[in-house]
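[1] starting from these lines, generate the structure:
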Amino acid sequence: MPSETKKIKATITLLLTLSLLLTVSVHYALAAEDFWTTKTPLPTENGIQAAVVNGKIYVIGDSNKYVSNPLYEYDPATDTWTTKNPVPTPRDNFAVAACQNKIYCIGEYTENGSTGLNEAYDPATDTWETKTSMPTKRYQMQANAVDGKIYVIGGRTGGQYTTVALNEVYDPETDTWTTKEPIPYPVVSYASEVVDNKIYVIGGQDEFHDSLNLNFTQIYNPETDTWSQGAQTPVAIWQATAGATTGTMAPKRIYVLGGEGGFADPLDQNYIYDPETDVWTTGTPIPTARLSPAVGVVDDLIYVIGGGVGWLKTTATVEQYTPVGYIPEFPSWIILPLFLTVTLVVAICRRKLSKANNPAFILGA
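    Below you'll find the model as predicted:
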């Protein structure tokens, strides 16, 4: 019965095709994007800085009138918080960067004025170490790590009209500082991130500029020590924070989150920048509007932590954002039942095929 054999072979092919399509369909059905989820809140209100080391987010809390800066470790895999060794020197308005599996807190504003203090935290030992101070005492700036070095750009050295265009670079290997090309428009309290070894300085406040709060995208290339200008943001960006996706689980993008619309007026904005096309778009707003939140990115999922929600009001809320174009890893629990089902069906069809090719079966014996 040649026709019987062909039918069984066709059935096997069809089943294998359907199994493959089912696998792909389940994979993409489980993919969610541009979506927010609430997570376990920060143990204390107002996380002001965050850095990621080995898949965990380290959040430094408010200095509480320069009494202490608590440090918390968040594990996204278990949605749990652990209290760690606090920052040795209580401070405010400092910069944080993760570099070579250590976290650096640089600069500060204290009750005695600004400093260039530089302290490094080792998550592996839960210990702090004092490093060489930044040459220029300042605060209200960001720090970014590129190729094993930390770039601290802009900031303010004192009160009004003390914003600087400085670009000072710290080398952890030699514990030394050097000076690079200054930023074209000096800014404070800007959003900043790194994509493909370029530093993006977004918005901020320039007290020497007519509009004060800027919508500029200033791009620094450490390799060539040069600056360029990207597309302007849809609105002026002030007191916002940025997080970047890597292209592994989601396309390479910079997400500018939160901000201040007026005096102590928190925003829920979520602006998305594509470095390749130099285009800005918008994403789903943050459920909890906030200014100056801490942001950490793990496996291309973005965590917005703490921040201000009004005049002298802060929040401990943690919200996870699944970015545009995000594709999750294939769920391992689906693989086994699919495999067993396909194996069983193929075994049955092969048995029928074997009988169909058996002369006794063909002759009806």
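[2] just the strands in the stretch 251-365 of the chain please.
    253-257, 260-262, 265-266, 270-274, 279-282, 294-298, 301-305, 308-310, 313-314, 318-322 (DSSP state E, counting those that start in this stretch).
[3] output the ones you listed as a markdown table; include the columns mean pLDDT, distance to Pro182 and mean neighbour count.
    For glycine as for every other residue, the C-beta is placed from the backbone atoms N, C-alpha and C. Converted to a markdown table, these look like this (pLDDT from 0 to 100; distance: least, Cβ to Cβ, whole Å; neighbours: other Cβ atoms under 10 Å):
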| stretch | mean pLDDT | distance to Pro182 | mean neighbour count |
| --- | --- | --- | --- |
| strand 253-257 | 98 | 22 | 25 |
| strand 260-262 | 92 | 25 | 15 |
| strand 265-266 | 96 | 31 | 19 |
| strand 270-274 | 98 | 23 | 21 |
| strand 279-282 | 98 | 25 | 14 |
| strand 294-298 | 98 | 26 | 24 |
| strand 301-305 | 98 | 30 | 25 |
| strand 308-310 | 93 | 29 | 19 |
| strand 313-314 | 92 | 33 | 17 |
| strand 318-322 | 98 | 33 | 21 |
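[4] out of those strands, which is closest to Asn118?
    For the strands of the stretch 251-365 of the chain, the distance to Asn118 is smallest for strand 294-298, at 19.7 Å, taking Cβ to Cβ.
[5] one step back: out of the strands of the stretch 251-365 of the chain, flag the one nearest Thr163.
    strand 260-262 (16.9 Å).
[6] I figured Ala95 hits Ile103, correct?
    No - assessed by Cβ atoms under 8 Å, Ala95 is found out of contact with Ile103, at 11.1 Å.
[7] between the two, which is the more surrounded one?
    The neighbour comparison of Ala95 against Ile103 (other Cβ atoms under 10 Å) goes to Ala95, with 26 against 23.
[8] what's that one in contact with, if anything?
    49, 105-107, 141-143, 152, 155 (Cβ atoms under 8 Å, 6 or more residues apart in numbering).
[9] how about Pro43?
    70, 72, 81, 83, 316.
[10] out of those residues, what pair is the most spread apart?
    Thr83 and Ala316 (13.7 Å).
[11] which one of the two is surrounded by more residues?
    Between Thr83 and Ala316, Ala316 has the larger neighbour count (other Cβ under 10 Å), namely 17 against 11.
[12] domain boundaries for this structure, per the record?
    2-29+329-363, 36-322 (automatic domain parsing).
[13] skipping adjacent residues, who's closest to the residue nearest the centre of the chain in space?
    The centroid of the chain falls nearest to Val297 when counting by Cα atoms, centre = their mean (2.5 Å). Among residues not flanking Val297 along the chain, Gly243 sits closest, at 4.5 Å (Cβ to Cβ, 6 or more residues apart in numbering).
[14] that neighbour bridge partners, please.
    Taking DSSP bridges as the rule, Gly243 bridges to Tyr255.
[15] okay, now it: neighbour count?
    23.
[16] quick check: the gap between it and Thr44.
    21 Å (Cβ to Cβ, to the nearest Å).
[17] how about Gly308?
    14 Å.
[18] one more: Gly113?
    Taking Cβ to Cβ, one finds Gly113 at 26 Å from Thr44.
[19] more neighbours: the two, which one.
    Thr44 (17 against 12).
[20] so the more buried one makes contact with Thr314?
    No - taking contacts as Cβ under 8 Å, Thr44 lies outside contact range of Thr314: 9.0 Å.
[21] quick one, grab the pLDDT at Pro331.
    Each residue has a pLDDT score; the one for Pro331 is 46.
[22] please shift the residue numbers so they start at 28 in all later answers.
    Got it, the first residue is 28 from now on, which makes the last one we talked about Pro358.
[23] thinking again about what came up before, which ones among the contacts of Pro70 map onto helices?
    If you go by DSSP state H, those have nothing in helices.
[24] which one of those is nearest Asn145?
    So of these, ranked by how close each gets to Asn145 (Cβ to Cβ), first place is Pro97, at 19.7 Å.
[25] so what's the closest one up against?
    70-71, 87-88, 110, 113.
[26] list just the nearest of those residues to Val306.
    Closest to Val306 out of the contacts of Pro97 is Ile87 (33.2 Å), distances taken as Cβ to Cβ.
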